[in-house]
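Asker: The following block contains a protein sequence and its predicted model.
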Amino acid sequence: MSSLTEIDQRYMAAAERLARRGLGRVWPNPSVAALIVRDDAGGQSYIAGRGVTSRPGMAHAEVNALTQAGEAARGATCYVTLEPCSHFGRTPPCANALMNAGVKRVVIGMLDPNPRVSGRGVRMLEAAGVEVVVGVRENTIRHLYTGFSLRQLKHRPEVFLKIAVSRDGYIGRKGCGQVRISGDLSMRKVHGFRAAYDAILVGSGTALADDPQLTCRLPGLSGRSPVRVVVDRCARLPLDSKLVRTCVDVAVWLLCGNDAPVERIEALGAAGVNIIRVPATESGIAPSVILSALATRGITRVMVEGGARLASSFLSAELVDDLCVVTGDIEIGAGGISALHGLELANVMSGPTFERVGAGLFGPDRYIYLRRRGA
Ligand SMILES: NC(=O)C1=CN([C@@H]2O[C@H](COP(=O)(O)OP(=O)(O)OC[C@H]3O[C@@H](n4cnc5c(N)ncnc54)[C@H](OP(=O)(O)O)[C@@H]3O)[C@@H](O)[C@H]2O)C=CC1
Ligand SMILES: Nc1c(N[C@@H]2O[C@H](COP(=O)(O)O)[C@@H](O)[C@H]2O)[nH]c(=O)[nH]c1=O
Ligand SMILES: [Zn+2]
């Protein structure tokens with residue numbers, strides 16, 4: 001028979017999997033999952049209600065799970081990946097909803113990272129006589145909330161940089177636009193990554209050379225495309241680019257300098273692009289300025305897809321949290337574009353900043369996944 005802690009671990013692992021599926025869908029909120037678990041007449045536990053965070057302004061995970069459980073919530077245990085909220089925001093506090101439903105015990109993955117409210121939900125529940133356990137699977141669950149935490153504590157989203165390099169270390173070929181480096185399985189993984197991020201970011205060099213779409217094109221998941229952001233100091237993005245032509249369906253934000261030409265801004269704005277003017281210098285728009293502008297607009301997780309210059313400036317500014325390097329099964333040879341500009345990718349990968357947290361194969365391609373040390 002399982003011990004109580006094993007049962008707690010198992011249900012929390014299930015809640016964690018559910019919460020992971022909501023990443024990229026509920027920003028600026030954290031993606032939370034809750035399970036209402038109780039015993040049946042024979043003493044076997046079962047899930048009476050499951051809930052995840054709804055779109056912003058709608059019900060939180062706990063309320064969705066309680067609604068599904070109905071009367072079965074009375075005397076039950078709630079497993080929830082993040083501490084139940086304690087404040088009246090766009091919805092009333094989930095701590096109250098749990099107490100009012102008669103939940104007897106609440107098992108929490110991680111406390112709210114915001115120091116102004118952290119622990120308050122726990123205290124409200126305990127004051128009402130509810131048993132509370134904190135920190136089950138916290139070591140993995142906290143990675144779900146890195147972006148939510150960073151936005152609150154450092155006013156920036158979490159940054160994931162993905163680079164696809166050929167066997168000979170190039171990301172493209174000069175003058176050739178998009179060069180397919182990754183195999184089919186890698187591309188599906190990349191589209192899966194895109195679905196789990198609130199925004200995807202490229203530099204103007206990539207936008208002009210590649211005319212990319214930057215959507216999630218996995219079957220059934222087209223609704224999960226992130227906001228597409230181009231860093232383009234002079235607002236050069238062409239009106240007939242794929243990004244502009246599709247910006248009514250999937251948002252495009254263009255970050256340009258305060259001094260970008262007015263006629264370009266007006267034309268792109270009229271086409272439906274969301275123009276965000278920020279301070280810029282000759283060397284571009286500083287990564288810290290880019291991230292602050294995104295955080296202001298609610299973005300908690302951003303995927304940087306290149307190119308070489310933008311990726312390098314984020315690495316140099318130490319503003320990359322996760323890095324995935326996919327090595328495709330092709331050679332580019334003459335005219336190859338180096339993965340980074342002024343930095344060596346191999347040095348970045350083996351240097352002190354990152355530690356390897358995963359590696360393997362996507363079909364014929366190899367991937368290495370690194371995370372900032374201590375994160
Ligand atoms: N294999 C892969 O994984 C990928 C390959 N690529 C390839 O990379 C190539 C493009 O790379 P690259 O030419 O370096 O262009 P980038 O996409 O990195 O764009 C660089 C431009 O972005 C603007 N910018 C604004 N702020 C910054 C900043 N803080 N840091 C850097 N740039 C900033 C600048 O232009 P401005 O002054 O106009 O604002 C700069 O010239 C293409 O050939 C593409 O095919 C691209 C992505 C992924
Ligand atoms: N060529 C290449 C990548 N290229 C990236 O994908 C963008 C194109 O996206 P889309 O137009 O949506 O298909 C392109 O501009 C660049 O950012 N990525 C990879 O993982 N592997 C690859 O081989
Ligand atoms: Zn809540």
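Answerer: Okay, I see it. Ligands and ions are numbered 1, 2, ... in the order given.
Asker: Do a quick rundown of the helices in the stretch 251-375 of the chain.
Answerer: For the stretch 251-375 of the chain, applying DSSP state H, counting those that start in this stretch gives helices covering 262-270, 287-296, 308-316, 345-350.
Asker: For Ala339, find the nearest of those.
Answerer: Taking CB to CB, helix 345-350 is the member of the helices of the stretch 251-375 of the chain nearest to Ala339, at 4.4 Å. Yep, even glycine has a C-beta here, placed from its N, CA and C like the rest.
Asker: Just the C-alpha atoms of stretch 96-110, please, in PDB.
Answerer: Provided in PDB are the C-alpha atoms of stretch 96-110 (Å, rounded to 0.1, in the frame of the first residue of the first chain):
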ATOM      1  CA  ASN A  96     -12.000  31.500   0.300                       C
ATOM      2  CA  ALA A  97     -13.500  29.200  -2.400                       C
ATOM      3  CA  LEU A  98     -11.600  26.200  -1.000                       C
ATOM      4  CA  MET A  99     -12.700  26.900   2.600                       C
ATOM      5  CA  ASN A 100     -16.300  27.600   1.600                       C
ATOM      6  CA  ALA A 101     -16.400  24.300  -0.300                       C
ATOM      7  CA  GLY A 102     -15.400  22.400   2.800                       C
ATOM      8  CA  VAL A 103     -12.000  21.200   1.600                       C
ATOM      9  CA  LYS A 104     -10.200  19.500   4.500                       C
ATOM     10  CA  ARG A 105      -6.600  19.500   3.300                       C
ATOM     11  CA  VAL A 106      -4.700  21.500   0.700                       C
ATOM     12  CA  VAL A 107      -1.400  20.200  -0.700                       C
ATOM     13  CA  ILE A 108       0.600  23.000  -2.500                       C
ATOM     14  CA  GLY A 109       3.500  22.700  -4.900                       C
ATOM     15  CA  MET A 110       5.100  26.100  -4.300                       C
END
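Asker: in it, what's buried?
Answerer: For stretch 96-110, burial by neighbour count (16 or more other CB atoms under 10 Å) applies to Asn96, Ala97, Leu98, Met99, Ala101, Val103, Arg105, Val106, Val107, Ile108, Gly109, Met110.
Asker: Quick check: the gap between the nearest residue to the fifth one once chain neighbours are set aside and ligand 2.
Answerer: When you say that, I think you mean Ala101. With CB to CB, 6 or more residues apart in numbering as the criterion, Ala101 has its nearest non-adjacent residue at 4.2 Å, and that residue is Ala73. Distance, Ala73 to ligand 2, by CB to the nearest ligand atom, to the nearest Å: 43 Å.
Asker: Kindly report the same for Gln44.
Answerer: With CB to the nearest ligand atom as the criterion, Gln44 and ligand 2 are 46 Å apart.
Asker: Mind pulling the model confidence for that residue?
Answerer: Predicted confidence (pLDDT) for Gln44: 93.
Asker: Can you give me the neighbour number for it?
Answerer: Under the neighbour criterion other CB atoms under 10 Å, Gln44 is assigned a count of 8.
Asker: State the phi and psi torsions of it.
Answerer: phi -90, psi 130 (degrees, to the nearest 10).
Asker: do the same with Asn29
Answerer: phi -80, psi 160.
Asker: Could you pick out the longest helix of the protein?
Answerer: The longest helix of the chain (DSSP state H) is helix 4-21.
Asker: Just list what it packs against, helices and strands only.
Answerer: With contacts taken as 3 or more CB pairs under 8 Å, 6 or more residues apart in numbering; DSSP states H and E, helix 4-21 sits against strand 33-39, strand 45-52, strand 77-82, strand 105-110, helix 138-141.
Asker: residues in the chain within reach of ligand 3, list them.
Answerer: Within reach of ligand 3 by CB under 5 Å from the ion, the chain has these residues: His60, Cys85, Cys94.
Asker: Leaving out sequence neighbours, find the closest residue to the first one.
Answerer: In this case it means His60. The shortest distance from His60 to any non-neighbouring residue, by CB to CB, 6+ apart, is to Cys94 (5.1 Å).
Asker: That neighbour touches Glu62, doesn't it?
Answerer: Yes - between Cys94 and Glu62 there is a contact under CB atoms under 8 Å: 4.0 Å.
Asker: Please enumerate the shared neighbours of those two.
Answerer: Shared contacts of Cys94 and Glu62, defined by CB atoms under 8 Å, 6 or more residues apart in numbering, comprise Pro84.
Asker: Of the two, give the one with the bigger neighbour count.
Answerer: Glu62 (32 against 29).
Asker: Quick check: that one touching Met99?
Answerer: No - counting by CB under 8 Å, Glu62 stays clear of Met99, with 10.9 Å between them.
Asker: And the next helix or strand past the helix or strand hosting Ser186?
Answerer: Using DSSP states H and E, Ser186 maps to helix 184-195. Using DSSP H and E, the next helix or strand after helix 184-195 towards the C-terminus is strand 199-203.
Asker: Remind me what that next one packs against, helices and strands.
Answerer: Helices and strands touching strand 199-203, by 3+ CB pairs under 8 Å, 6+ apart, are strand 227-231, helix 287-296, strand 301-304, helix 308-316.
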